[in-house]
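Novice: Pasting the sequence and the predicted coordinates here, then a few questions.
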Number of protein chains: 4
Amino acid sequence: MEPAMTLANGRPYLAIPGPSVTPDRVLAAMHRAAPNIYAGALPDMVETIWPDLRRLAGSSGHVGIWIANGHGAWEAANSNLFSRGDRALVLATGQFGHGWHASAIAQGIRAELLDFGRNSPADPDRLESALRADSDHSIKAVLVTHVDTATSVKNDIPALRRAIDAAGHPALLAVDCIASMGCDEMRMDDWGVDLIVGASQKGLMVPPGLGLVWASDRAVERCREADLRTPYWNWTTRFDATEFWQLWHGTAPTHHLFGLRESLNMIFDEGVEAVWARHAGLARAVWAAFDAWGQGNPQIALNVADPAARGHSVTAARVGPAPSATRLRSWLEAKAGVTLGIGLGMQTAEDPGADGSLRVAHMGHVNAHMTLGALAAMQAGMVALGIPHGPGALDAAARAVAEAAGA
Amino acid sequence: MEPAMTLANGRPYLAIPGPSVTPDRVLAAMHRAAPNIYAGALPDMVETIWPDLRRLAGSSGHVGIWIANGHGAWEAANSNLFSRGDRALVLATGQFGHGWHASAIAQGIRAELLDFGRNSPADPDRLESALRADSDHSIKAVLVTHVDTATSVKNDIPALRRAIDAAGHPALLAVDCIASMGCDEMRMDDWGVDLIVGASQKGLMVPPGLGLVWASDRAVERCREADLRTPYWNWTTRFDATEFWQLWHGTAPTHHLFGLRESLNMIFDEGVEAVWARHAGLARAVWAAFDAWGQGNPQIALNVADPAARGHSVTAARVGPAPSATRLRSWLEAKAGVTLGIGLGMQTAEDPGADGSLRVAHMGHVNAHMTLGALAAMQAGMVALGIPHGPGALDAAARAVAEAAGA
Amino acid sequence: MEPAMTLANGRPYLAIPGPSVTPDRVLAAMHRAAPNIYAGALPDMVETIWPDLRRLAGSSGHVGIWIANGHGAWEAANSNLFSRGDRALVLATGQFGHGWHASAIAQGIRAELLDFGRNSPADPDRLESALRADSDHSIKAVLVTHVDTATSVKNDIPALRRAIDAAGHPALLAVDCIASMGCDEMRMDDWGVDLIVGASQKGLMVPPGLGLVWASDRAVERCREADLRTPYWNWTTRFDATEFWQLWHGTAPTHHLFGLRESLNMIFDEGVEAVWARHAGLARAVWAAFDAWGQGNPQIALNVADPAARGHSVTAARVGPAPSATRLRSWLEAKAGVTLGIGLGMQTAEDPGADGSLRVAHMGHVNAHMTLGALAAMQAGMVALGIPHGPGALDAAARAVAEAAGA
Amino acid sequence: MEPAMTLANGRPYLAIPGPSVTPDRVLAAMHRAAPNIYAGALPDMVETIWPDLRRLAGSSGHVGIWIANGHGAWEAANSNLFSRGDRALVLATGQFGHGWHASAIAQGIRAELLDFGRNSPADPDRLESALRADSDHSIKAVLVTHVDTATSVKNDIPALRRAIDAAGHPALLAVDCIASMGCDEMRMDDWGVDLIVGASQKGLMVPPGLGLVWASDRAVERCREADLRTPYWNWTTRFDATEFWQLWHGTAPTHHLFGLRESLNMIFDEGVEAVWARHAGLARAVWAAFDAWGQGNPQIALNVADPAARGHSVTAARVGPAPSATRLRSWLEAKAGVTLGIGLGMQTAEDPGADGSLRVAHMGHVNAHMTLGALAAMQAGMVALGIPHGPGALDAAARAVAEAAGA
């Protein structure tokens, strides 16, 4: 008789929605001797990063990098947008929308929340109404996540911009693209976005440690007097830096920058639109599997009903009843080498631990093999654990990949 | 409309039968400054390798490491076993059996070939007959592959040993375990094996560059006068080394040795029997998929009909008609990030390029995610390319994993 | 005739005062797959970091890690210490003292500056007088660098604490140890230090990206109401974190944390006091060389006359007349593989570009070979460039190492 | 009082004559996923290696790479040059000359030894006489080390070729350049060399594991019938390979090949003649130091009196009386982070352990900082241990570097 066996050997696959899988090329680029920070290879290389970051976001404006995580990037954005007591309107479609709101409140901004729940995108009509009601235009900016990492809801940014314009309101539009940059289509200029918040560890495929802010000329102009600025967050000295150290307000994040350079090489080698298409194709494979597993089995369901409102980098889903999702995640980690994301902010009265929820990430350095393997391993776990599931999920996922990839 | 898309991004998966996937831990262990080769960390560490290599093979005898590949290890084995003109009997079940035979011939050994084709294991009865016919016991050794990397045929080593014994013949039993060591069960002492040839780049998960030879006391004793020895291949100076440099007849393969130490750590952390069981379980998943694809579709078929005669580290199969296999391999590399092995030695009159054959490796650093992902990607490719295939393969593979892994 | 030759090949040696040489062990620890940030190896490992960071600083209090550089750590310190309009007293002995002062001012703190020039430590008597003059005890904290990276002046922290106590003043004592932590002796509790600011890229031998703050119980208690806090800088949620993400206010700096764990391993493997002694011995070798070069040649001189007031991690010096220092630095980089630090904040009327000043770092991962090699290469450069220098410098430096190391 | 201190921290410097310091670029190139060995990046890249290897040696002929160390490369050379019983003439100027001779003898070659001791190069006149005495031209080849790693004696290869020609003898000239390739000038075609043996771990800066053989057309032509060939060593199948695997007679040394590619990039980025000049300049710095240490102190002396007969990659020297050299080496490793080479083959009646001899390597990835640092650390050790030494060594070494590098 064979011994008790685990299958959690071989190369593990981390499919949580950030940090994403760090490519070997990025890790190799970061494995280097400390560089001089006054002259030479580092400053020369950094010059090449800015145009590529702009190109990635579809921006002709400004961009800066903070040594920080995504929460730090929120704070950078808030500090530069607002003065103490300024008004903001936050559209929440998941935990991270709520998080940005809380962050703004804690910084002394009068941030109002429009909550759209956990399953649907922000409604442009409600936004338009809210702005119309602000007849003295005291709301300085609208804050919204592009894709909320917790719910995987994707907001329709062009529609939200149209709503602002329809209301004849001058509010700036600030978008958290932490979970979508380098995954879902983003055209900052074309879509009338004034500010984007990003971070290194998702679609940008670099370890956590860099927060990014893109800003339109309009945002820079309109926020010259913002008084929440502190020396570290202040974008003025960074956007207008004349010395290398000012770009980082101190010592540069040397190794992360080399990693970022390499990840941008990878993205532009592939082509930004090809990167978006890859994420779209893989997302459809994941959705197809969940749709099949959920056939005749309502305990398994995607979190967002409308495909157009689903992010392409992460998929939140229910695998119930609790604690089925948690059991499945544990099995996958122990037996198959796959780590899925927990259900974040998905607590309900019946499931206070969110143990009937999980998230499958498909962001950044991900391909058909990785995603199909995760789905197949999930099904193996459902079989092993006796979790009921509809048939044909893996065939459907393979078909979705075939359709996306072509012959 | 979305742009033309490839899915060959993300982390590529190399599923050829050697070199296998190098674990991050092994690569990290090899990424180090050059060490002193006279004293210190390197010689101290090497002392710990020998008992672990013996334990891995189930050997109480001798073991040496040559800076060489598997062909070099054959030559090391041949040089130490034979004198010019000695007789050998080689049992071939694929291209590598033929290769060892050719190697022996070229070294001046009178090596006779028993060919068992490409789909079946060596027949112990034929071996016994051949040895009985050698009434003056002039055959010094029987040479056989454990698992032939080309055909994935696994030979029944204990049965072959019993055949030798049944014939009352003193021939040594020499086994090529290059494709099986660290994957398929091997119990050198218990099974009466006298010599094993191995290499670093398959189940041992280290880049190519090390050839290994294990030898029983009996083999060492019986071969003291072998005159094919040259200084480099001579095992005597290595097995009896009193100075560190003699272990390698010159400079040590410093970085590979640190890699090997780490791979042995990984193997023994998991447990040798658990490693074997993992390979068995993953092999069954692969077989289940092929069986389903081949249902009602004889163009897809495993190369070896009898599961007991299939190696657990690699699966050779037909995906016909030619050039279906080649087209599928190309699609997988370009669209899904998976590289499969070519059909090696599988040429036929109808398929002179072996373009209807391929091999899926599942050796070394491999888990359910990797193997299931490869199978699912293969099916996506069959769909995309219109290669007919039976239904249910991925469900069957997932089920096989579930059975192997348990709840 | 031989071709024109450069010698800037081989392994370059970066001897700037931060980032310091990253040890291979640290780079290797950072070269790893992205980890799960909810459970497993990362959170388990992080638990072990806190006691080691406390031990390193001689602290029984609190410590937190921010994803930030040293300037960010200043801002973390300021934000938690002060409310808008609070008073602070900053003792400056170089550019970084001035920098901390400017940072505090920009955050809305009424920070007063006591400037001690660029060549001498802060005078405890002046501090005592200043505090006595603050009869209503409105100065909340005294801020001072331990070693100023620009001037290499080291302040006598115990003496400054005694001055505060002698004045009967309740001011907290906050010390910037960015350039000294892990290099010069620091005993936070014993010396009555209330807050320490640190960063990863000098004595801690980790790439830039982590800012650290240690705080005494007294500091935490006295600053509960500080209203400059923002969510990112707020130490309360970090010191009292109940969830892993709260330690970093968002995503953890995964790879830097593994690097820091390894650097702490290296420091405690060697022993903190041995680490300090190594830095002291190497500093004396550097000083001995400069003293010899400057014999009869006043153009070469250490920046700080009193050895007790010199930091052990970096040495600022004059190599005049300008632009001798700059020419020497260029020669060293191009011909000998050594990069020295520029003179920072050393501009004078006669030398507006500080081209007669430079800095030699000897911080963190540094040994006799590296430091003596830098000095010998400097002398080679002086010879090649015709920069006058006194004799016997290398003999003196070798002797200093011999004395420090013993037989 | 300071604690007992070692200085063996910081980045260690391995100054043994092989393996040499592996450049970060080479290690990074080797830190990669296992590649496909049938098509793609690996075979494409390998095509570029051959012309660069030829260019490095000044050869228009053939070159092959064996997975082997230097001893294996000897065996490759011998196997292809000779038939059993052929005659060879070996000129020995140190342990490795004797080693090649012993290797040839053990392979069945009638190799005669001309021994030139341990301090002097081979005398062309003796070679000419020996060949004149071979009136029937039965000596097939003359074997000689370019630089003997043990003694650091460099032979005058053009002069030896002229001696062969002067004798009117058709013998091939085979040169062991293991310790000199990529360090000392070599012009294979111009100098009339027929065969060169090399290895990866010295001037080529790649970890041990590759043996190289360059062969002239004449050598290939004259050795077609050599019967010592075995499949592994046979150069015919390698030089005439039509399939990728034949280049290595089996699986390719994947990771070493990527490392070699990078080291060749480094060499040609610098320029081969600049590389030679760098080695020459550093060698002179080492010699200058030893000359000064030995002034009035005959216990310290270079092994080779004539500078023209010293290799540029390694310097053998006496630091007596025994065990001074061994004590110094131990001190350097424990206190200064420098590992020197042992005296190899330097045993005498008075010094049976060769503890009065050592070797300083300056080969491959080495620069002024590294070499001067090693010399300065050596002097620190002599001071600490009370080993008498003449004055001014470090000044002289710095001066030598200044002269080599210029302003």
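Specialist: It's in.

Novice: Assign the residue in the stretch 51-200 of chain A positioned nearest to chain C to one of the three secondary structure states.
Specialist: For the stretch 51-200 of chain A and chain C, the shortest gap (C-beta to the nearest C-beta) falls at residue A:71, measuring 3.3 Å. C-beta here means a position set from N, CA and C on the backbone, and glycine is covered the same way. Put simply, residue A:71 is helix when judged by DSSP: H, G, I helix; E, B strand; the rest coil.

Novice: got the contact list for it?
Specialist: Each residue near residue A:71 by C-beta atoms under 8 Å, 6 or more residues apart in numbering or on different chains is listed here: A:99, A:103, C:231-232, C:249-251.

Novice: which parts of the stretch 151-300 of chain A sit against chain B?
Specialist: For the stretch 151-300 of chain A, the contact set with chain B under C-beta under 8 Å from any C-beta of the partner chain comprises A:266, A:270-271, A:273-278, A:280-282.

Novice: partner residues bridging residue A:211?
Specialist: residue A:66, residue A:199 (DSSP bridges).

Novice: how close does it get to residue C:260?
Specialist: Distance from residue A:211 to residue C:260, counting by C-beta to C-beta, to the nearest Å: 20 Å.

Novice: do residue A:279 as well
Specialist: Note on residue A:279: its distance to residue C:260, by C-beta to C-beta, is 33 Å.

Novice: now do residue A:378
Specialist: Using C-beta to C-beta, we find residue A:378 at a distance of 35 Å from residue C:260.

Novice: Those two: which is more packed in?
Specialist: Using other C-beta atoms under 10 Å in any protein chain shown as the criterion, residue A:378 and residue C:260 rank with residue A:378 on top: 32 against 27.

Novice: Mind naming the longest helix for chain A?
Specialist: In chain A, with assignment by DSSP state H, the single longest helix is helix A:272-293.

Novice: quick one: average pLDDT of that one?
Specialist: If you average the pLDDT over helix A:272-293, you get 97.

Novice: So for that helix, what gets flagged as buried?
Specialist: Neighbour counts over helix A:272-293 (16 or more other C-beta atoms under 10 Å in any protein chain shown) mark A:272, A:274-293 as buried.

Novice: Looking at the residues of the stretch 151-300 of chain A next to chain B, which is nearest residue C:129?
Specialist: Using C-beta to C-beta, residue A:266 comes nearest to residue C:129 of those, at 60.5 Å.

Novice: give the contact list for the closest one.
Specialist: Residue A:266 makes contact with A:23, A:25-26, A:205, A:365, B:9 under the criterion C-beta under 8 Å, 6+ apart.

Novice: Contact partners for residue A:27?
Specialist: By C-beta under 8 Å, 6+ apart, the contact set of residue A:27 is A:259, C:31-32.

Novice: just checking, next helix/strand downstream of the helix or strand encompassing residue A:132?
Specialist: Per DSSP states H and E, residue A:132 falls inside helix A:124-133. Next helix or strand after helix A:124-133 toward the C-terminus (DSSP H and E): strand A:139-145.

Novice: elements contacting that following strand?
Specialist: If contacts are counted by 3 or more C-beta pairs under 8 Å, 6 or more residues apart in numbering or on different chains; DSSP states H and E, strand A:139-145 sits against strand A:87-92, helix A:95-106, helix A:124-133, helix A:157-166, strand A:172-176.

Novice: In terms of pLDDT, where does the most centrally placed residue in chain A sit?
Specialist: Nearest to the geometric centre of chain A sits residue A:179, at 0.3 Å (C-alpha atoms, centre = their mean). Reported pLDDT at residue A:179 in the predicted model: 98.

Novice: same thing with the one 3 residues further on?
Specialist: pLDDT recorded at residue A:182 is 98.

Novice: which non-adjacent residue is nearest it?
Specialist: residue A:203 (2.8 Å; C-beta to C-beta, 6 or more residues apart in numbering or on different chains).

Novice: Return the distance of that neighbour relative to chain B.
Specialist: Separation of residue A:203 from chain B (C-beta to the nearest C-beta, to the nearest Å): 12 Å.

Novice: try residue A:339
Specialist: Applying C-beta to the nearest C-beta, one obtains 10 Å for the distance of residue A:339 from chain B.

Novice: Is that residue part of a helix or strand, or is it coil?
Specialist: Here residue A:339 is recorded as strand under three-state DSSP.

Novice: isn't it right next to residue A:331, touching?
Specialist: No. Residue A:339 is beyond contact range of residue A:331, at 11.4 Å (criterion: C-beta atoms under 8 Å).
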